[in-house]
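Novice: Have a look; sequence and predicted model below, questions after that.
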Amino acid sequence: MPYTYETCHEAFQRGLDDRKAYPLTLGDYKIRESLRGLGRISETLRNIAEDLKFKRRGYYRYFGVCTSDDADVWLKSVPAQLALDLGYNVVPAIKALARDGVPPAVVNGCLARATRVVPVILDDCEGARIALRRGVKRELRMMKTGGSTVQPLVDAVVELIEVTLRDVKVWLDQGSPEVTAKYPAVHPASPTT
């Protein structure tokens with residue numbers, strides 16, 4: 001878990017710096033791994049919101065990534081955790097897609113999008129981190145009524161990943177001889193008549 005006193009911009013930079021010690025050899029698996037982790041965060045947020053709506057109190061509950069005992073602390077850490085994941089996993093994974101055989105033009109397009117979107121996400125994460133640092137009561141009230149300042153941050157990172165994967169899928173679907181040879185399950189040979 002990232003340090004709660006760390007800004008989201010610092011967490012992102014720390015992620016980039018830490019990744020240099022363990023560079024990715026491939027990107028596709030890591031970007032999908034991040035997507036699964038974001039799904040767990042979303043599930044936990046939904047479970048917390050449901051718990052608040054039904055006013056379940058007085059017993060220990062497991063929400064997915066956190067428990068009823070540490071939900072407040074966990075909520076405060078989510079914006080910096082997202083920033084760290086962007087720096088340590090998502091952006092390096094997009095760069096490493098080239099090692100998966102994705103053409104430079106596709107990788108560069110994905111990186112250009114990330115370069116535009118990530119600073120906006122980081123700014124939003126930082127705003128949420130500052131608000132949550134003051135306390136989570138407002139966030140919990142919003143979650144109880146179906147809102148959240150944290151869930152849209154998760155959604156923004158998920159969207160960046162999904163658009164990147166969609167670009168890779170478009171390239172795969174083109175079916176060039178190199179693609180067909182590298183990914184035969186995507187382009188099975190047509191049956192002969």
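Specialist: Arrived safely.

Novice: Report the spatially closest residue to C66, excluding sequence-adjacent ones.
Specialist: Nearest non-adjacent residue to C66, counting by C-beta to C-beta, 6 or more residues apart in numbering: W74, 3.7 Å away. C-betas here are computed from N, CA, C, even on glycine.

Novice: Contact partners for the one you found?
Specialist: The neighbours of W74, taking C-beta atoms under 8 Å, 6 or more residues apart in numbering as the test, are 44, 65-66.

Novice: of the residues you listed, closest to K30?
Specialist: Closest approach to K30 among the contacts of W74 (C-beta to C-beta): V65, at 19.1 Å.

Novice: That closest one touches R40, doesn't it?
Specialist: Yes - V65 lies in contact with R40 (C-beta atoms under 8 Å); the separation is 5.5 Å.

Novice: Neighbour count for these two, which is higher?
Specialist: Neighbours were counted for V65 and for R40 using other C-beta atoms under 10 Å; V65 has more, 19 against 11.

Novice: mind listing what that one touches?
Specialist: Contacts for V65 were tallied using C-beta under 8 Å, 6+ apart; they are 40-41, 43-44, 74.

Novice: Filter those residues down to the ones in helices?
Specialist: 40-41, 43-44, 74 (DSSP state H).

Novice: hmm, which two among the residues you listed are most spread apart?
Specialist: E43 and W74 (12.9 Å).

Novice: can you give me phi and psi for the closest residue to V91 other than its chain neighbours?
Specialist: Spatial nearest neighbour of V91, chain neighbours left out: A114 (5.7 Å); criterion: C-beta to C-beta, 6+ apart. Here is the backbone geometry of A114 (degrees, to the nearest 10): phi -60, psi -40.
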